[in-house]
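1. here are the coordinates; sequence isn't available:
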């Protein structure tokens, strides 16, 4: 795929994985938070790719590549119906939040597959929770090495399997099980089972989108430390017109992509800092999109529509536009990494599938702590 920032006339083909979280967030703002306005007609919405159910190709051998199976019989949790009388708020005092309710949750996936490949890992997983009451958008970025429970998935013979795996592999396993729609459904189950958030809508973005969105809004700025500046200069050593300094730097699409993907600028760098950089990019681009006029948004949408895959219907999108557009100028933003230290986070290296391959990094956390924090943001009590 040819990459191009608007500061360079020509750039080389790159074979690395250029996905970062900012693409998903900005497209969510444009497509899901109503930036298109009333003139976003059916002819435009029909350009969006819709997730389809695929045939189950998840063999028993595949299960061993994706899942550390739990051989302990599972018991279904049941909740006894309450017999206590409850008094519902009167119509005069109960706010009307429309069809979407008070809180709506969008799961945004950046997947790393290329044309012709039959596997999709989730290189980026981001939950965007929009609270109508507080007028707040909260971006929750999930570490892709999070060690999560897969509640249940079926192989080609109809046999159920459950166990644990890295979050990034859950999407790939779902894709094998049921195509694009299957990948979204499995990931939704994983997010709810492990973190408590119920996903309302899913959006997947392809690999072409990042440079386009950054260049469309102009640029973002990044405050680089010494290690980050050295890393960026090494990445662009063949381009003498690209020089990065300690302090504030203006980045176009290609440079912003490398900045947001960075996690080895020093021995102390890691995926936690990577997700923080991604949220820095997200915040800036979101603010720029909010300030666009109708013509600028129209051009942006035409550029990006065919790079979107979603399980949303035209009716779903129209509802989001209608109910969220009026609130967009008032929206503030917050973000957090999940899991984090408050969720009992710790990492370790393990031979995940007991196959003698190099040990893999996994991030363990305390499920109850994660659910308490995430559901307070994403669920309407």
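-> On my side now, so go ahead. Just so we're clear, the structure is a prediction, and the values are computed from it rather than from any experiment.

2. alpha carbons only for contacts and neighbour counts from here, please
-> Fine.

3. ok, which stretches of the stretch 251-381 of the chain are helices?
-> Counting by DSSP state H, counting those that start in this stretch, the stretch 251-381 of the chain has helices at residues 253-261, 271-290, 294-304, 314-324, 367-378.

4. okay, the ones you listed, which one's buried deepest?
-> Most buried of the helices of the stretch 251-381 of the chain, by mean neighbour count (mean count of other CA atoms under 10 Å): helix 253-261, with a mean of 23.

5. related to what we said a few turns ago, closest to residue 56 out of the helices of the stretch 251-381 of the chain?
-> helix 314-324 (26.9 Å; CA to CA).

6. Kindly reformat the helices of the stretch 251-381 of the chain as a markdown table and extend each row with mean pLDDT.
-> Converted to a markdown table, the helices of the stretch 251-381 of the chain look like this (pLDDT from 0 to 100):
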| stretch | mean pLDDT |
| --- | --- |
| helix 253-261 | 85 |
| helix 271-290 | 78 |
| helix 294-304 | 76 |
| helix 314-324 | 87 |
| helix 367-378 | 97 |
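
7. got those as CSV, with distance to residue 125 columns?
-> What follows is the helices of the stretch 251-381 of the chain, written out as CSV (distance: least, CA to CA, whole Å):
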stretch, distance to residue 125
helix 253-261, 14
helix 271-290, 10
helix 294-304, 19
helix 314-324, 21
helix 367-378, 15
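
8. Of these, which is nearest residue 127?
-> Using CA to CA, the nearest of the helices of the stretch 251-381 of the chain to residue 127 is helix 367-378, at 9.1 Å.

9. what's that closest one packed up against?
-> Contact analysis of helix 367-378 by 3 or more CA pairs under 8 Å, 6 or more residues apart in numbering; DSSP states H and E lists strand 103-111, helix 167-195 as its packing neighbours.

10. switch the cut-off to 10 Å
-> In this structure, helix 367-378 makes packing contacts with strand 103-111, strand 122-131, strand 136-142, helix 167-195, strand 332-338, judged by 3 or more CA pairs under 10 Å, 6 or more residues apart in numbering; DSSP states H and E.

11. export those to a markdown table and tack on mean pLDDT, distance to residue 55 and mean neighbour count?
-> A markdown table is the format used below for the helices and strands packed on helix 367-378 (pLDDT from 0 to 100; distance: least, CA to CA, whole Å; neighbours: other CA atoms under 10 Å):
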| stretch | mean pLDDT | distance to residue 55 | mean neighbour count |
| --- | --- | --- | --- |
| strand 103-111 | 90 | 20 | 24 |
| strand 122-131 | 88 | 20 | 23 |
| strand 136-142 | 91 | 28 | 22 |
| helix 167-195 | 95 | 6 | 24 |
| strand 332-338 | 88 | 32 | 16 |
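
12. For the stretch 1-150 of the chain, which segments count as strands?
-> Using DSSP state E, counting those that start in this stretch, the strands found in the stretch 1-150 of the chain span residues 49-50, 68-69, 103-111, 122-131, 136-142, 147-154.

13. out of the helices and strands packed on helix 367-378, which comes closest to residue 380?
-> Taking the helices and strands packed on helix 367-378 one by one with CA to CA, strand 103-111 is closest: 6.5 Å.

14. Sheet partners, orientation included, of the closest one?
-> Neighbouring strands of strand 103-111 in its sheet, by DSSP bridges, are strand 122-131 (antiparallel), strand 201-205 (parallel).

15. who touches residue 291 in this structure?
-> Applying CA atoms under 10 Å, 6 or more residues apart in numbering to residue 291 gives the contacts 217, 285, 297, 329.

16. Could you pull up the residues touching the residue nearest to residue 171 when sequence neighbours are not counted?
-> The shortest distance from residue 171 to any non-neighbouring residue, by CA to CA, 6 or more residues apart in numbering, is to residue 183 (4.9 Å). For residue 183, the contacting residues are 51, 53-54, 120-122, 170-177, by CA under 10 Å, 6+ apart.
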